[in-house]
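Student: any chance you could fold what I've pasted below:
(chains A and B, ligands or ions: 2)
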Amino acid sequence: MARHSSRPVSTMFAAAQTSQLETQIVQKDEEINALKSQLVALANTPISSSVQRYLTADFIALRLPDGLTQPRKYFDRLALDKLKTSIQKVGIQEPLLVRPADDGKLEIISGERRWRSAMELGLTQLPALVKELSDEEALEIALVANLMREDLNLVEESDSIIALIALRLKISRDRLPSILFKIKNLRSRYRYTNTEILAVMTEDKAENSRILSKEAIADIDAIFAEFSMTLESFAANRLTALQKMPESLLEAVRQGKVGFSKADTIRKAGLSEQALSLLLEEAVTADLTKQEIRTKIQALKARSQLLEKAEEPEKQIRDRIHASYQRLRTNQKVWETPKLQKHLRQMEKLLQSISEAAAQLP
Amino acid sequence: MPKQLRIAVMSNAGGSGKSTLTVNVGYELAAQGYSVALFGLDPNGSLTLFCGLPDPPVEDTLNRVFQKDFDGNWPLFNCWSEKTSRVQVCLGGLIMTEAAQRLVLLDRKAYILADHLEDYPLPHDFILFDCPGTIDMLHSAALTASNYVLIPIQPDDKDIDGAAKLLEWIFDSIRTLRLKPAPEIMGFVPNRVRLGDRAQHRDNMGLSNREKTAQDPPSLPDMLAAMKIHCFSLIKDSAEIGNAASIGLPLKSYRPAHAANKNFKEIARVIQKKLSSQS
Ligand SMILES: Nc1ncnc2c1ncn2[C@@H]1O[C@H](COP(=O)(O)OP(=O)(O)OP(=O)(O)O)[C@@H](O)[C@H]1O
Ligand SMILES: [Mg+2]
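Tutor: Residues are numbered from 1 along each chain as shown, chains lettered A, B, ... in the order given. Ligands and ions are numbered 1, 2, ... in the order given. A predicted model of the protein is given here:
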């Protein structure tokens, strides 16, 4: 038998853990701000002979353990070629930022495109600043450096911001979207302050609340502000679109094949998987404008509606109602939410009158 | 200026072994060739007793250091002078209650010790602060002046709860006092542990005889690991440790073969490592 203790050790330490996290957030902020000013200084100082050069062959892309992934996954051919031309003309203007690895390689935190261009150009040496950084610090700076350069596409940028917030708050990326949505809703619907938001989220009992503190919420806001966004706009405009966007569209945006807003237009059409991939391919190869995409969608829809009508007679209504009810039946929240009570009662009435009518049928 | 490390020994519980650790770890560091200053911040004056010294005259206590117009003349006494020349003590005693009250009125109350140590540096490699048993103004002064905090703890529920509150207070203080670089938690030292006759100790140390189940709350070492805080090897309850203290000797010179000497050595070694990694 376990000894009965009214307060388990984990409860005793809960407040200490929160305070520790808040302190870490503040400290991290300060560290990152210092590094950021270094990055800015790096970008602004023309390369002088004082910057050490290293063998191009010693560089390598940043290697991170599973679960921490690099923000940039694709290197746009056109952009690379442009960079190459510029490097040929004026050389590498800004030193790379690297960290030394145990195997003697220099892992690139910032400057992977410069390195790739340099390799293709056959440059043997590259200017770089070497800094000892932990995996988390390295990723954080890589994200910040990329975001600061503003040449990520929208999906990469959103991925990066989510990764950055998750990293700083020490929560998993998967859980972050629901947290952001919740904060956004509490703010836009009820104009809640951070203190009130925290109170609601703590009562929520979901694990979400355990890591969130007032400081954490303020920190999320600060991160968005850093990149001239707000939590609300990010959640409303991007997160919804990203979450609903099928992987094939996301990939196309990541690879720079199609712009985010075009992809979003395709997504909103709600096409079948096959129709979507055909349209996407056409949009990419023919470089369709958004208006052209819209026109295509309308045509596709009109055609499929005709087909549906021809093939599927009204008999479906029973199945449709049945299916909706099945879905609602086990969703306890639906039956408990006060706001829905009116609708439920209306439905009950409707069913009653249908039953009554049915009883009259011959 | 040679690098100096300062360690606050705190616990937010009485009788957990703060003074015991201060004395024995301090002596061990001296035995390794380092110079050490021990500061007794506690009004109970245990440090005086554990060092085998008579109560100092009020003018020659830490109280002097906690004055705004302290002139840099540190009230230091040699300690265990027959055995070592490397340990000095700066003693507190009852007058520290007054010092704590006066602190509240000072402009830079929480920083007074840090300020004076910066303005009038001591030559010692290490300074250990033996703090009182409950959090007070003197704690803020010690925390602000420290690089590390060492937390001895008797693994009773009451003491663990107190230590958790101490941690919370430390992290809060780091933010509110804007300590940069912030002091780090060097680790917890489970002390006076009685695995034989105290189920509470066994449970809290995760050393229970019964099978562990998923419903069991985490043990103290589990909890510390989750917070990335080091937990030193436990020190068993042993009357000899108290006996050595009563006659004012470090355990190492009173009972050289005593098992707890290994514990003190383990802690001293971590402290030495921190010093060498700093320079
Ligand atoms: N491992 C141990 N085994 C047995 N007795 C111990 C042990 N550690 C310390 N003691 C004794 O327990 C008592 C309390 O220890 P100590 O004075 O070091 O604690 P403290 O935290 O400084 O207490 P206070 O808050 O009262 O200053 C002392 O009499 C000491 O000699
Ligand atoms: Mg004491």
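
Student: please count neighbours and contacts with C-alpha atoms only from this point.
Tutor: Fine.

Student: can you tell me the helix or strand for the residue in the stretch 151-279 of chain B positioned nearest to chain A?
Tutor: Here the residue of the stretch 151-279 of chain B nearest chain A is residue B:168; by C-alpha to the nearest C-alpha that distance is 3.9 Å. Following DSSP states H and E, one finds residue B:168 within helix B:157-176.

Student: can I get that helix as CSV, trimmed to CA atoms?
Tutor: Output of helix B:157-176 as CSV, limited to C-alpha atoms (Å, rounded to 0.1, in the frame of the first residue of the first chain):
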residue,chain,number,x,y,z
ASP,B,157,7.0,15.8,3.0
LYS,B,158,7.1,19.0,5.0
ASP,B,159,10.7,19.7,4.1
ILE,B,160,10.2,18.8,0.4
ASP,B,161,7.3,21.2,0.3
GLY,B,162,9.5,23.9,1.8
ALA,B,163,12.2,23.2,-0.7
ALA,B,164,9.8,23.4,-3.6
LYS,B,165,8.7,26.8,-2.3
LEU,B,166,12.3,27.8,-2.0
LEU,B,167,12.9,26.9,-5.6
GLU,B,168,9.9,29.0,-6.7
TRP,B,169,11.2,31.9,-4.6
ILE,B,170,14.6,31.6,-6.2
PHE,B,171,13.3,31.6,-9.8
ASP,B,172,10.9,34.5,-9.0
SER,B,173,13.8,36.4,-7.4
ILE,B,174,16.1,35.8,-10.4
ARG,B,175,13.5,37.7,-12.5
THR,B,176,12.4,40.4,-10.0
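
Student: is ligand 1 contacted by that helix?
Tutor: No. With C-alpha under 6 Å from any ligand atom as the criterion, ligand 1 is not reached by helix B:157-176; the gap is at least 10.6 Å.

Student: if we can go back for a sec, so what's the residue count around the residue of the stretch 151-279 of chain B closest to chain A?
Tutor: By other C-alpha atoms under 10 Å in any protein chain shown, 20 other residues sit near residue B:168.

Student: that one against residue A:12, yeah?
Tutor: No. Residue B:168 is beyond contact range of residue A:12, at 10.3 Å (criterion: C-alpha atoms under 8 Å).

Student: ramachandran coordinates for residue A:272?
Tutor: As for residue A:272, its main-chain torsions (degrees, to the nearest 10) stand at phi -70, psi 160.

Student: against residue A:147, how distant is it?
Tutor: To residue A:147, residue A:272 is 34 Å away according to C-alpha to C-alpha, to the nearest Å.

Student: swap in residue B:107?
Tutor: 43 Å.

Student: what's the answer for residue B:96, then?
Tutor: Taking C-alpha to C-alpha, one finds residue B:96 at 54 Å from residue A:147.

Student: neighbour count winner among the two?
Tutor: More crowded of residue B:96 and residue A:147, by other C-alpha under 10 Å: residue B:96, with 25 against 20.

Student: the nearest residue to residue B:49 once chain neighbours are set aside in helix, strand or coil?
Tutor: Nearest residue to residue B:49, sequence neighbours excluded (C-alpha to C-alpha, 6 or more residues apart in numbering or on different chains): residue B:248, at 5.8 Å. Three-state call for residue B:248 (DSSP: H, G, I helix; E, B strand; the rest coil): coil.

Student: next one: residue B:248 from residue B:53, what distance?
Tutor: As judged by C-alpha to C-alpha, residue B:248 and residue B:53 stand 7 Å apart.

Student: more crowded one of those two?
Tutor: Per other C-alpha under 10 Å, whichever of residue B:248 and residue B:53 has more neighbours is residue B:248, with 21 against 17.

Student: SS state for residue B:122?
Tutor: Under three-state DSSP, residue B:122 comes out as coil.

Student: check the one 10 residues further on too.
Tutor: Applying three-state DSSP to residue B:132 yields a three-state assignment of coil.

Student: from residue A:248, how far out is it?
Tutor: Where residue A:248 is concerned, residue B:132 sits at a distance of 64 Å (C-alpha to C-alpha).

Student: the residue nearest to residue B:49: what's it in contact with?
Tutor: Residues counted as contacts of residue B:248 (C-alpha atoms under 8 Å, 6 or more residues apart in numbering or on different chains) are B:49, B:50, B:51, B:52, B:53.

Student: just the buried subset of those residues, please.
Tutor: Buried subset of these (neighbour count, 16 or more other C-alpha atoms under 10 Å in any protein chain shown): B:49, B:50, B:51, B:52, B:53.

Student: if I look at the first one, what pLDDT would I see?
Tutor: Meaning residue B:49. With respect to pLDDT, residue B:49 scores 96.

Student: ok, now which ones touch it?
Tutor: Contacts were defined as C-alpha under 8 Å, 6+ apart; by that measure residue B:49 touches B:245, B:246, B:247, B:248.

Student: right, and the second one touches residue B:51 too?
Tutor: No. Assessed by C-alpha under 8 Å, residue B:246 is found out of contact with residue B:51, at 9.1 Å.

Student: in chain A, where is pLDDT below threshold?
Tutor: A:1-4, A:42-50, A:66-74, A:149-151, A:204-211, A:307-315 (pLDDT under 70).

Student: quick one: the strands in it, in order.
Tutor: All strands of chain A, identified by DSSP state E, fall at A:53-55, A:59-61, A:96-100, A:106-110, A:125-130.

Student: which residues touch the third one?
Tutor: When you say that, I think you mean strand A:96-100. Strand A:96-100 is touched from outside by A:106-111, A:114, A:126-133, A:138, with contacts defined as C-alpha under 8 Å, 6+ apart.

Student: and if we set it to 10 Å?
Tutor: Here strand A:96-100 makes contact (C-alpha atoms under 10 Å, 6 or more residues apart in numbering or on different chains) with A:39, A:42-43, A:53, A:58-62, A:105-115, A:126-135, A:138, A:141-142, A:145.

Student: can you map out the helices along the stretch 151-300 of chain A?
Tutor: In the stretch 151-300 of chain A, the helices defined using DSSP state H, counting those that start in this stretch lie at A:154-169, A:176-190, A:194-203, A:208-211, A:214-226, A:231-233, A:240-244, A:247-254, A:260-268, A:273-285, A:290-311.

Student: buried stuff in the third one?
Tutor: Judged by neighbour count (16+ other C-alpha under 10 Å), helix A:194-203 contains these buried residues: A:194, A:197, A:198, A:200, A:201, A:202.

Student: near chain B too, which of these?
Tutor: Among the buried residues of helix A:194-203, no residue sits close to chain B (C-alpha under 10 Å from any C-alpha of the partner chain).

Student: for residue A:238, give me its contacts.
Tutor: Per C-alpha under 10 Å, 6+ apart, neighbours of residue A:238: A:154, A:155, A:158, A:232, A:244, A:260, A:264.
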